[in-house]
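> The sequence and its predicted three-dimensional model are supplied below.
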Amino acid sequence: MIRPNKLWMVLSFSVAAATLAAQGQGLDPKVIYKPLSAEWTTYSGDYTGQRYSALTQINQLSVKGLSLAWTAKLSGAPAAPGAAGAPGAGGGRGGGGGAASPTIIGGEGPGDISAGGVGIKGAVLVVDGVMYLSAPDHAWAIDARDGHELWHYFWKTRGGTHIGSRGVGLWHDYVYFETPDNYLVSLEAKTGKERWHVPIASFEEQYFSTFPPIVIDNHLLVGTGNDLDMPGFLQSYDPETGKLQWKFYTVPMKAGDPGLETWPNLEAARHGGGQVWIPGSFDPETRLYIFGTGNPTPGYTGQGRKGDNLYTCSLVAVNVDTGKMAWALQTSPHDTHDWDSTQTPILIDGMINGKLRKLVLQATRNGYFFVLDRVTGESLVTSKFGSTTNWAKGVRPNGTPDPDPGKEATVPGSLVSPVEGGVTNWPPPAYSKDTGLFYINEHNGFNIVYLMETDPRGSMGLAGKQTNAVGSGGNFLTAIDYKTGKIAWRHTYTGGGGAGLLATAGKVLFSGDGSGNFVAFDATNGKPLWHTRIGNITNAPETYLIDGKQHVLVAVGDTLYAFVLY
Amino acid sequence: MNLKHGLVVAACMFVGTVVVKVAPAPQGPPAAQGAGRAGAAGPAGQGVGPAAQGGGRATFPAQQRPPADPAIVARGKQMYSISCQACHGGDLRGGDQGGPNLLRSQVVLTDQDGELIQPIVQGSRAANGMDAIDIPVADIHAIAVYIHSVAATMQGQGGPPRGGSVPPNEAVLVGDAAAGRVYFTAKCSTCHSVTGNLAGIGTKIPDARNLQNAWVAGSSAAAGGRGGGRGGAPAAGLAVTVRMANGQVITGTLDRMDDFLVIVRLADGGYRSIARTGAVPPKVEVKDPLDGHKALLTVLTDKDMHNVTAYLASIK
């Protein structure tokens, strides 16, 4: 056990030496192709979505030695003119000691709209010793060695839905992030100074943007959200100029578009939702970008959009260079519960029925787990992983669950599991090639769902229903055998279980337990190995090397916690 | 493919100079919504506060408009009812004649002051079935103002303006009370009685939805319409027994429990915080009176649920 660790240390130091010389020099997009190891270069760490780090310093034995390296509370909105000092600046910072960092202010809004406090609900990129992250209307660069702020960019919003910001993209010397009021903003990575911003969706049509831009070569993929019956789309921008390269709509927009036969008419399809708000994964070999789409709209009142509603709640593959769809599988036909299928897909090469296949795995909000051939889109495994999930009658021959109309919202009420938040949600799963297991935090709530809008036109947006939580069937850290879709084991959470997962080659899993603990679990059986009570985590844990030492990073609200094995 | 840039930057990493060319900065459009600015200073409830994140009041341009002249709104409403309502509906959400929902119309949402709506009223979409309506321009403008005034009252998360009717109690109480009584006697009577702890339940909780939520959850807290909780943690206040490795038994009410710690409030007002780790961890037994309800959730059919609700509603 000790020998290989020492060997790793030597290798790690040489990697660190190379990165030290290049600190702050940006990110060659070719580097993102590398499997997740010393740096965290894109939303999921690499293009596979596995969140499996090759780092092994922190393993089942050594994890007990983790200690806190630093904490950093992020700056909030600048103080109103005339007030003394920006609130939150420097507050709670554990390390640093550097001079106060500059706040750069941009944006099209009046500057007096307060969007509330800072919440970290997405990825933190860690490149060349610098961290880059975002929250609604904010972006920061942080020194990864001691947590002190290098710069802070604040966006004066025009308003809109401020629900989260899932992180930034990095391309050469530039940082990209989306604002809630739908701008793609490009900053200089070194200084935080704005290069340009371009609108990516209509604020008037009530789009809002939370998606972390995904860099693939000279493409910048951006997604958006909307709760008001607007069509969903994925767009690709030129990271140099901010010009649109292509735009892929997830619902039919004109006569002849595929899937139109699954809507009552074009008007319904064009208002049918299917937003793209969580990144997909990328297969370099086929150039396919594979991602999940959101729920159809109106969300809960399906009476005005009878049919399967393609390609909402679907796993979709598009060619990243053309934006053309290669294949799609709907994972929740005619959804009426707001169960987006946006969850991060995981790409692996694995054995199915004795054959090595190129696979994509996805566990969706509706409680089902899917394995597909990622080249052809052929469905190979569909199974139910939500232990109390009760909304489907079975599985259709093509691998799609078959919804039970009786479990839609009804006037007398239907008892439905999961609740609208789903068995899982945006917090990402993980996969370990050491165990062959797919890991997910499983939530089994029950709602009684009442239809309140009986008009045959349906309601609008997420209105028209009343949901009441009536109990829980338990929450678990759940390991799924991808070959069969069967549950390998479940660890029962005393609390809600929480946020995202990280797997490492040290056979350790990191996540939150929903009872305020950040926990390292044994990846082979789910037993806790180490924990610290820092509060409920709000993003997915990450790991990387700084000066040859493996760190683990996680956020709780407005504060980052960096742990290290000295 | 961006190989060139890749090479340039790779080279830069070693010489410490950045030579990546930056294109001239395209700027976003100049602030387009003059009308939108009033929102920040508008009436209470329009701020972009935490409420806006949870389905509260939306703060998009449609909701940020300053109130229009009531006389123009009234004129617009009158003209709408004459010229538009048959196709687009009295609530603007589409009508029997096939006119689309105006509250989610991209034209309406993007229109500032009638400039996009006017050409359509004057016939620019005649080929799509929207015939020209021959009314004065001032009335078209008034109609646009009226439409915007309705859109301004929309709820958060794309919800329509409030005020629609909701299904009455009778529509919820579709179950068979007699069948419900049979189910209740078989499954619930170990703990509950309609002459004992549930006496008068149909009177105490007159709203049928609240009644159903309360009995299924086993808690009147569920009756109030909260939603979305994914729950799971054992509730504070439950009876707990902790059996220590040395044979000591600690009883009290649960304060908090996770995989690592159990905290017990003792009968004498004292407090014990007990590690759940070690070679022989203590055994923790939590008695949750709602266990029966939790078990019921996984087997209860909607039909049985509606029957029991109808039965309990009859217990006056």
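Perfect, thanks for sending it.
> who's in contact with the residue in chain B that chain A sits nearest to?
Proximity of chain B to chain A (C-beta to the nearest C-beta) peaks at B:Gly158, 1.9 Å away. For glycine as for every other residue, the C-beta is placed from the backbone atoms N, C-alpha and C. B:Gly158 is in contact with A:206, A:226-229, A:297-298, A:460-463, B:58, B:104, counting by C-beta atoms under 8 Å, 6 or more residues apart in numbering or on different chains.
> looking at this, B:Ile143 is in a helix?
Yes: according to DSSP: H, G, I helix; E, B strand; the rest coil, B:Ile143 belongs to a helix.
> Could you check how far it is from B:Pro136?
B:Ile143 sits 11 Å away from B:Pro136, taking C-beta to C-beta, to the nearest Å as the criterion.
> In terms of neighbours, single out the busier of the two.
Between B:Ile143 and B:Pro136, counting by other C-beta atoms under 10 Å in any protein chain shown, B:Ile143 is the more crowded of the two (26 against 9).
> Find the residue ranges of the stretch 1-150 of chain B scoring beneath the pLDDT cut-off.
By pLDDT under 70, the low-scoring segments of the stretch 1-150 of chain B are B:1-58.
> What is the burial count for residue 316?
I went with chain A, as the question did not name one. By the criterion of other C-beta under 10 Å, A:Val316 has 27 neighbours.
> oops, chain B please
Look at B:Lys316: counted by other C-beta under 10 Å, it has 10 neighbours.
> was I right about it contacting B:Leu198?
No: counting by C-beta atoms under 8 Å, B:Lys316 sits too far from B:Leu198 to count as a contact (11.7 Å).
> Just give the closest residue to A:His491, not the sequence neighbours.
Once flanking residues are discounted, A:His491 sits nearest to A:Gly526: 3.3 Å by C-beta to C-beta, 6 or more residues apart in numbering or on different chains.
> What is the neighbour count of that neighbour?
Neighbours of A:Gly526 under the rule other C-beta under 10 Å: 19.
> does it count as helix, strand or coil?
Under three-state DSSP, A:Gly526 falls in the coil class.
> What segments of the chain are helices?
No chain in the question, so chain A it is. With DSSP state H, the ranges of helices along chain A come out as A:2-21, A:266-270.
> that's the wrong chain, I meant chain B
Secondary structure of chain B (DSSP H): helices located at B:3-15, B:61-64, B:70-83, B:85-88, B:106-110, B:117-119, B:137-151, B:169-172, B:177-187, B:201-204, B:208-217, B:291-297, B:302-313.
> Identify whichever of those helices lies nearest to A:Asp402.
Taking C-beta to C-beta, helix B:302-313 is the member of the helices of chain B nearest to A:Asp402, at 17.7 Å.
> Who are the packing partners of that closest one?
Here helix B:302-313 touches strand A:414-416, helix B:177-187, helix B:201-204, helix B:208-217, going by 3 or more C-beta pairs under 8 Å, 6 or more residues apart in numbering or on different chains; DSSP states H and E.
> how does chain B divide into domains?
B:57-151, B:175-223+B:293-313, B:239-287 (automatic domain parsing).
> Dump these to CSV, plus distance to A:His443.
Converted to CSV, the domains of chain B look like this (distance: least, C-beta to C-beta, whole Å):
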stretch, distance to A:His443
domain B:57-151, 27
domain B:175-223+B:293-313, 14
domain B:239-287, 17
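> so which of these gets nearest A:Arg533?
For A:Arg533, the closest of the domains of chain B is domain B:239-287, at 8.2 Å, according to C-beta to C-beta.
> how long is that closest one end to end?
Using C-alpha to C-alpha, to the nearest Å, the span of domain B:239-287 from its first residue to its last is 5 Å.
> Can you give me the neighbour number for the residue lying closest to B:Lys294 once chain neighbours are set aside?
Take B:Lys294 and drop its neighbours on the chain: the residue closest to it by C-beta to C-beta, 6+ apart is A:Gly471, 5.3 Å away. A:Gly471: 26 surrounding residues under other C-beta under 10 Å.
> mind listing what A:Gly471 touches?
A:Gly471 is in contact with A:445-446, B:216-218, B:231, B:290, B:293-294, B:297, counting by C-beta under 8 Å, 6+ apart.
> What pLDDT does the model give it?
Per-residue pLDDT puts A:Gly471 at 93.
> In the sheet, which residues pair with it? Tell me.
Beta-bridge pairing for A:Gly471 (DSSP bridges): A:Phe446.
> returning to what we had before: select from the contacts of B:Gly158 the one having the most neighbours.
Counting by other C-beta under 10 Å, top hit in these: A:Thr297 with 35 neighbours.
> any low-confidence regions in chain A?
Looking at chain A by pLDDT under 70, you get A:1-25, A:80-100.
> Identify the residue of it closest to chain B, quick one.
Proximity of chain A to chain B (C-beta to the nearest C-beta) peaks at A:Gly461, 1.9 Å away.
> If we ignore the residues flanking it in sequence, what's nearest that residue?
Distances taken as C-beta to C-beta, 6+ apart put B:Gly158 closest to A:Gly461, at 1.9 Å, once the chain neighbours are dropped.
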